[in-house]
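Enquirer: Sequence and computational prediction follow.
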Amino acid sequence: MNDLIIKQGKHINGDVIDIVINGGRVTAVGPEAAAGLPSIKEIDLHGHYYVSAGWIDAHTHCYPQSPLYYDDPDLIGAASGVTTVVDAGSTGADDIDDFYAMTRKAKTHVYALLNISRTGICCQNELADMAQINNEHLQDAIRRHKGFIIGLKARMSQSVVGENGLQPLIKAKIMQKANGLPLMVHIGNPPPHLEEMADLLTKGDIITHCFNGKPNRILDEAGNLKPAIQRALARGVMLDVGHGTESLSFSIAEQAIKFGAHPHMISSDIYQRNRVGGPVHSLATVMTKFLNLGLSPEYILNCVTINAANLLHLPHKGRLERGCDGDITIFDLKNQRIELVDAEGQIRIGTQQFVPIATVIAGVHIVVAENVTKKNMSVENTPAKNATTNRSPLNGIPL
Ligand SMILES: [Zn+2]
């Protein structure tokens with residue numbers, strides 16, 4: 001008996017496929033792959049909705065105790081089509097144990113990029129005191145939380161580093177050598193200047209807020225890609241969107257994409273305030289903005305699945321393949337006019353949207369998005385058909 005069968009989902013390549021999940025893993029995938037197989041639960045999409053590997057949001061803030069940027073992992077995750085959220089530096093070595101314990105209650109998979117400051121984002125300037133960047137505490141935390149801490153985070157803008165300029169980044173690169181984890185660097189207002197930071201980064205490091213419109217943007221005055229960014233990209237440094245409250249400019253993104261500087265990852269930098277009040281709202285909204293910027297649905301899906309999994313060293317995620325984690329996002333691509341707003345108040349009118357329908361995590365948790373009707377999807381619990389005690393809290397869809 002399998003845990004879950006998803007029947008007749010549309011792959012973005014046009015194929016109609018079944019997905020079989022058992023023991024938390026995908027055990028079969030492809031056209032008619034579920035034919036004749038028994039399962040505890042079954043979702044039939046009748047060829048109406050798309051399926052992809054579960055979406056990964058590589059830059060979020062979901063440590064509820066954080067005083068500045070916080071949210072609930074299941075609101076920004078499972079309720080929003082996202083099966084995996086990565087908290088980007090809300091916690092450092094001092095709070096990571098507490099954060100880890102809290103995340104065990106979430107349905108959504110949660111991972112952490114450890115802030116190089118032991119305090120995490122306790123305040124706006126966590127890197128203004130070099131004494132807080134403590135190698136011993138950082139390496140200890142990584143050893144304690146192997147598999148949960150999947151990278152490092154350094155917020156390298158003037159308001160965060162104070163008078164320290166490049167020093168926190170230089171120290172981060174030294175500390176990274178002992179663990180080999182990817183380093184995500186936030187860019188914002190200088191100093192330090194983007195060019196000198198980019199020159200320090202190596203293959204696999206990630207620049208987040210890559211299309212910000214601040215002075216540390218990736219384009220020069222003439223609108224060309226800065227040479228230091230071109231060199232960094234040639235070395236294998238990666239670009240991550242990290243939309244956030246202040247860090248996505250449509251005009252910068254449009255120009256950069258024209259030069260071929262496509263994002264490698266599309267992430268939200270979501271937290272409660274920019275989810276509820278905008279301009280982020282959800283990872284799906286950020287993905288929709290990039291549809292309107294001219295990237296294809298396939299490209300965008302790769303950014304939130306296989307690219308994110310590869311860059312963050314999560315080999316069992318991001319792929320719809322046998323043996324991979326049973327994390328699936330069910331979604332629609334709706335042809336519908338939508339007004340899109342970036343972090344600078346620029347407006348674009350989109351005509352197509354990514355709309356999450358349901359989130360499947362490890363083949364066990366099934367969370368149906370709000371406002372989804374049963375019209376094009378049926379969810380059944382095979383051994384207990386019609387059981388009233390086993391109804392979803394959302395929309396009354398039996399699970
Ligand atoms: Zn952030």
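Expert: Cool, the structure landed.

Enquirer: In the sheet, which strands lie alongside the helix or strand that contains Arg337, parallel or antiparallel?
Expert: Taking DSSP states H and E as the definition, Arg337 sits inside strand 328-341. Here strand 328-341 is paired, per DSSP bridges, with strand 50-53 (antiparallel), strand 347-361 (antiparallel).

Enquirer: Show me which residues of the last one are buried.
Expert: So the one you mean is strand 347-361. Buried residues in strand 347-361, defined by neighbour count with 16 or more other Cβ atoms under 10 Å: Gly350, Gln353, Phe354, Val355, Pro356, Ile357, Ala358, Thr359, Val360, Ile361. Any C-beta I mention is one placed from the backbone N, CA and C, and that applies to glycine too.

Enquirer: Next up, the contacts around the residue nearest in space to the middle of the chain.
Expert: The centroid of the chain falls nearest to Asp57 when counting by Cα atoms, centre = their mean (0.9 Å). Counting by Cβ atoms under 8 Å, 6 or more residues apart in numbering, Asp57 touches Ile76, Gly77, Val82, Thr84, Val85, Val86, Ser267, Ser268, Ile270, Leu283, Val304.

Enquirer: now do Val16
Expert: Contacts of Val16 (Cβ under 8 Å, 6+ apart): Gln8, Gly9, Lys10, Pro31, Gly47.

Enquirer: Quick check: phi and psi at the residue of the stretch 251-399 of the chain found nearest the ion.
Expert: Closest to the ion within the stretch 251-399 of the chain is Asp269: 4.2 Å, counting by Cβ to the ion. For Asp269, the backbone dihedrals (degrees, to the nearest 10) come out as phi 50, psi 50.

Enquirer: about what we covered before: what are the buried residues along the strand holding Arg337?
Expert: Here strand 328-341 shows Ile328, Thr329, Ile330, Phe331, Asp332, Leu333, Ile338, Leu340, Val341 as buried, counting by 16+ other Cβ under 10 Å.

Enquirer: picking that back up, could you say which helix or strand contains the residue nearest to the centre of the chain?
Expert: Short version: Asp57 belongs to strand 55-60, going by DSSP H and E.

Enquirer: Grab the CA positions of that strand and hand them over as PDB.
Expert: The C-alpha coordinates for strand 55-60 follow below in PDB (Å, rounded to 0.1, in the frame of the first residue of the first chain):
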ATOM      1  CA  TRP A  55       8.800  24.700  -4.400                       C
ATOM      2  CA  ILE A  56      11.800  25.800  -2.400                       C
ATOM      3  CA  ASP A  57      11.900  29.400  -1.100                       C
ATOM      4  CA  ALA A  58      15.600  30.000  -0.500                       C
ATOM      5  CA  HIS A  59      15.300  33.300   1.300                       C
ATOM      6  CA  THR A  60      12.700  33.700   4.000                       C
END
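
Enquirer: could I get the buried residues of strand 347-361 as JSON lines with distance to Lys289 and pLDDT?
Expert: Below are the buried residues of strand 347-361 laid out as JSON lines (distance: Cβ to Cβ, whole Å; pLDDT from 0 to 100):
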{"residue": "Gly350", "distance to Lys289": "7", "pLDDT": "95"}
{"residue": "Gln353", "distance to Lys289": "10", "pLDDT": "97"}
{"residue": "Phe354", "distance to Lys289": "10", "pLDDT": "98"}
{"residue": "Val355", "distance to Lys289": "14", "pLDDT": "96"}
{"residue": "Pro356", "distance to Lys289": "15", "pLDDT": "97"}
{"residue": "Ile357", "distance to Lys289": "20", "pLDDT": "96"}
{"residue": "Ala358", "distance to Lys289": "22", "pLDDT": "96"}
{"residue": "Thr359", "distance to Lys289": "21", "pLDDT": "97"}
{"residue": "Val360", "distance to Lys289": "25", "pLDDT": "98"}
{"residue": "Ile361", "distance to Lys289": "25", "pLDDT": "97"}
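
Enquirer: and the two most separated of the residues you listed?
Expert: Greatest spacing in the buried residues of strand 347-361, by Cβ to Cβ: Gly350 and Ile361 (28.3 Å).

Enquirer: can you pull the contacts of the residue of the stretch 251-399 of the chain closest to the ion?
Expert: Per Cβ under 8 Å, 6+ apart, neighbours of Asp269: His59, Thr60, His61, Ala88, Thr208, His209, Gly242, His243, Gly244, Thr245, Ser247, Val280.

Enquirer: got it, and Gly204?
Expert: Each residue near Gly204 by Cβ under 8 Å, 6+ apart is listed here: Pro182, Gly236, Val237, Met238, Leu311.
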